[in-house]
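**Q** structural data only, the sequence is not supplied:
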Ligand SMILES: [Fe+2]
């Protein structure tokens, strides 16, 4: 093996792999090494900057536990989460698109009947979310599972503030009807900041990048024989749609939030102030 020379640095690293290397791992590491070495050469990275990078990654790992995952947040703000998902999910025309899962999903959320109000704190503007779950030809899918979760009016999910927000607030599971329909009442979603008290926050600050996520509701929709959809629907009048720090917005996922007739100025008891349709078209497996 030749000794180290900067111009051939990546080639030298990759030439160390043995004949029994895992072929897929070798392919991936080969590409990562080539692109990383090229970036270091392009930017003439200094030793001080490299130590800063190592410290950044170390602190990112130290901020990961079962409640906080700073590496997923880093993947999200670098657009990697969206890109990996886009490459893995090539769906047919008309199929509902995926977006990021985010860090606040909880499996086994409370199950509700259609029509339930999931505002356990009764805060926020009452909003009817309704829609249908169909296959790609528009045929209804009954018995589909619809999981939803969103942040409250202060910008926090229940799991972020367990001492002050009731467990299961703005979160739940619904089942689609014979006609594929579902509906529930929630608070109109508001924009919120991603967690900025860690290394990822420092990175965004140094790059003068926005940290506010546009208003959205998370969904996971699944049914036997169909591909599971992990997505959000975004609020069409949110001013932050164009600058999502995790790049999660797709045009097909922007829902029109409208005022139901005669309800918003002096709402009747139980009336909703907003309504939006969030329809799902699932691809066969
Ligand atoms: Fe979210």
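**A** Perfect, I can see it now. Source: prediction; values computed, not measured.

**Q** quick check: which ranges of the stretch 101-250 of the chain have low pLDDT?
**A** For the stretch 101-250 of the chain, applying pLDDT under 70 flags no range at all.

**Q** what ranges does it have for its strands?
**A** Remark: strands assigned in the stretch 101-250 of the chain by DSSP state E, counting those that start in this stretch are 126-135, 145-149, 171-175, 181-187, 192-193, 212-213, 216-222, 229-235.

**Q** determine which stretch of those strands is the most buried.
**A** Most buried of these, by mean neighbour count (mean count of other CB atoms under 10 Å): strand 229-235, with a mean of 24. C-beta: built from backbone N, CA, C; applies to glycine.

**Q** show me what it is in contact with.
**A** 95-101, 188-189, 214-222, 241, 248-249, 253-255, 257, 276, 278, 280, 282 (CB atoms under 8 Å, 6 or more residues apart in numbering).

**Q** Throw the strands of the stretch 101-250 of the chain into a markdown table and include distance to residue 11, thanks.
**A** Listed next are the strands of the stretch 101-250 of the chain as a markdown table, based on distance: least, CB to CB, whole Å:
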| stretch | distance to residue 11 |
| --- | --- |
| strand 126-135 | 50 |
| strand 145-149 | 48 |
| strand 171-175 | 51 |
| strand 181-187 | 55 |
| strand 192-193 | 44 |
| strand 212-213 | 42 |
| strand 216-222 | 44 |
| strand 229-235 | 39 |
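
**Q** among those, which comes closest to residue 88?
**A** strand 229-235 (11.4 Å; CB to CB).

**Q** any idea how far residue 152 lies from residue 255?
**A** Residue 152 is 19 Å from residue 255, where distance means CB to CB, to the nearest Å.

**Q** err, residue 139, not the other one
**A** 22 Å.

**Q** for the residue nearest to the spatial centre of the chain, give me the pLDDT.
**A** By CA atoms, centre = their mean, the chain has its centre lying nearest to residue 100, at 2.5 Å. In this prediction, residue 100 carries a pLDDT score of 92.

**Q** surely it touches residue 250?
**A** No - the criterion here is CB atoms under 8 Å, and residue 100 misses it with residue 250 at 10.8 Å.

**Q** burial of the residue nearest to residue 56 when sequence neighbours are not counted, as a residue count?
**A** Computed as CB to CB, 6 or more residues apart in numbering, the closest residue to residue 56 that is not its neighbour in sequence is residue 199, at 5.2 Å. By other CB atoms under 10 Å, 20 other residues sit near residue 199.

**Q** name the nearest residue to residue 38, sequence neighbours excluded.
**A** residue 10 (7.3 Å).

**Q** neighbour count: residue 139 and residue 255, which is higher?
**A** Neighbour comparison, residue 139 and residue 255: the larger count goes to residue 255, with 21 against 8 (by other CB under 10 Å).

**Q** tell me the spacing between the more buried one and residue 118.
**A** 17 Å.

**Q** domain-wise, how is the chain divided?
**A** The chain breaks down into these domains under automatic domain parsing: 6-45, 75-282.

**Q** out of those domains, deepest packed?
**A** domain 75-282 (a mean of 17).

**Q** identify the residues contacting the top helix by length along the chain?
**A** As assigned by DSSP state H, the longest helix anywhere in the chain is helix 23-43. For helix 23-43, contacts defined as CB under 8 Å, 6+ apart pick out 6, 9-10, 13-14, 17, 45, 50.

**Q** summarise which helices and strands the next helix-or-strand element following it is packed against.
**A** Downstream of helix 23-43, the next assigned helix or strand under DSSP states H and E is helix 47-62. Judged by 3 or more CB pairs under 8 Å, 6 or more residues apart in numbering; DSSP states H and E, helix 47-62 is in contact with helix 70-77, helix 199-206.

**Q** can you lay out those as a markdown table showing distance to residue 105?
**A** Putting the helices and strands packed on helix 47-62 into a markdown table (distance: least, CB to CB, whole Å) gives the following:
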| stretch | distance to residue 105 |
| --- | --- |
| helix 70-77 | 11 |
| helix 199-206 | 19 |
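
**Q** can you tell me which of these is nearest to residue 173?
**A** That would be helix 70-77 among the helices and strands packed on helix 47-62, by CB to CB, at 22.9 Å.

**Q** so what does the closest one touch, helix or strand wise?
**A** helix 47-62, helix 80-88, helix 199-206.
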